[in-house]
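# all I have is the shape, not the residue letters:
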């Protein structure tokens, strides 16, 4: 199997670089709804596109913030087959860790017993560790290596004792060569008797993206999520939020 690390070397050839103001560290409060504001260090593309904050990640954060309160992470959501008792969260393709850190911050501020595993390829875990420490969230957010397409760690398997019950993925539908690896990982993560909820935010960039969604519809219901305040604003920028529900076999 071709290593995903080789694929990521080509990411920045496919999209324009972000403006220089997105390099370095910045504070994100999402209109004062996250206190203290998240501190995100971006590496300016040194580790590829994963070292930057992208619009789809900001979208998923806005949804998490709007739909969470002291009763639980996403306790205000109306997700199909949903639960308001998410305890173990896994973020795929975390990059800077923005979405996972947002979930961890919400857990901390609401005194929720939630663990967030922020996962990515090896050279990005260092950046995830930096941002976790910057935000004093090391008791809530746990950076780990997870290579798409490879065997899962036992604790991430579908029927693990303390299994993952929520999967977050922002802008993971990015490079066509990695589509089959992402699909395999999503299938493996949802292979248990009670599959986790999957939330995927995505910015449409290329016609090839539809190939990914055509393929995963063989195994998942793909439901558009629009019941949050800024949905229409993001859609104008070709950025969408979906829930994936594993189809019973």
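Received the coordinates, thanks. What you see is a predicted model; the values in this text were computed from it and never measured.
# the helices in this protein, which residues?
In the chain, the helices defined using DSSP state H lie at 4-8, 55-67, 98-109, 122-134, 179-189, 209-216, 231-236.
# mind listing what's buried along the third one?
Just to be clear, that refers to helix 98-109. Across helix 98-109, burial judged by 16 or more other C-beta atoms under 10 Å covers 98-108. All C-beta atoms are positioned from the backbone trio N, CA, C, and that covers glycine.
# and if you look at the last one?
Buried residues in helix 231-236, counting neighbours by 16+ other C-beta under 10 Å, are found at 231, 234.
# run through who's touching that helix.
55, 59, 225-226, 240-241 (C-beta atoms under 8 Å, 6 or more residues apart in numbering).
# can you list those in CSV and add distance to residue 197, neighbour count and pLDDT?
As requested, those are exported to CSV (distance: C-beta to C-beta, whole Å; neighbours: other C-beta atoms under 10 Å; pLDDT from 0 to 100):
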residue, distance to residue 197, neighbour count, pLDDT
55, 22, 15, 89
59, 17, 26, 95
225, 11, 20, 97
226, 17, 11, 96
240, 17, 18, 96
241, 13, 23, 97
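# among these, which one lies nearest to residue 121?
Closest to residue 121 out of the contacts of helix 231-236 is residue 55 (21.4 Å), distances taken as C-beta to C-beta.
# how many neighbours does residue 32 have?
Residue 32 has 7 neighbours, counted by other C-beta atoms under 10 Å.
# I meant residue 144, not that one.
The number of residues near residue 144, taken as other C-beta under 10 Å, comes to 15.
# picking that back up, which of the helices of the chain is buried the deepest?
Comparing the helices of the chain by mean neighbour count (mean count of other C-beta atoms under 10 Å), helix 98-109 ranks first with a mean of 26.
# columns pLDDT and distance to residue 195 on top of the buried residues of helix 98-109, output as a markdown table?
As requested, those are arranged in a markdown table below (pLDDT from 0 to 100; distance: C-beta to C-beta, whole Å):
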| residue | pLDDT | distance to residue 195 |
| --- | --- | --- |
| 98 | 96 | 25 |
| 99 | 97 | 20 |
| 100 | 98 | 20 |
| 101 | 98 | 25 |
| 102 | 98 | 23 |
| 103 | 98 | 19 |
| 104 | 98 | 23 |
| 105 | 98 | 26 |
| 106 | 97 | 23 |
| 107 | 97 | 22 |
| 108 | 97 | 27 |
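# closest to residue 216 among the residues you listed?
Distance to residue 216 across these (C-beta to C-beta) is lowest for residue 99, with 19.6 Å.
# how close does the closest one get to residue 169?
Applying C-beta to C-beta, to the nearest Å, the value for residue 99 to residue 169 is 8 Å.
# what do those two both touch?
Common neighbours of residue 99 and residue 169, using C-beta under 8 Å, 6+ apart, are residue 91.
# any idea of the pLDDT on residue 124?
Listed pLDDT for residue 124 reads 90.
# where in this structure is pLDDT low?
By pLDDT under 70, the low-scoring segments of the chain are 1-27, 43-53, 80-84, 249.
# which residue comes closest to residue 179 once chain neighbours are left out?
Of all residues not flanking residue 179 in the chain, residue 212 sits nearest, at 4.5 Å (C-beta to C-beta, 6 or more residues apart in numbering).
# list the contacts of the one you found.
Taking C-beta under 8 Å, 6+ apart, one finds 173, 176, 179, 182-183 in contact with residue 212.
# repeat that for residue 195.
158, 245-246.
# pull out the buried members of those.
Counted by 16+ other C-beta under 10 Å, the contacts of residue 195 give 158, 245-246 as buried.
# turn those residues into CSV, columns for distance to residue 66.
Formatted as CSV, the buried ones among the contacts of residue 195 follow (distance: C-beta to C-beta, whole Å):
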residue, distance to residue 66
158, 29
245, 21
246, 25
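# tally of neighbours for the residue lying closest to residue 130 once chain neighbours are set aside?
Of all residues not flanking residue 130 in the chain, residue 41 sits nearest, at 5.5 Å (C-beta to C-beta, 6+ apart). Using other C-beta under 10 Å, residue 41 has 18 other residues around it.
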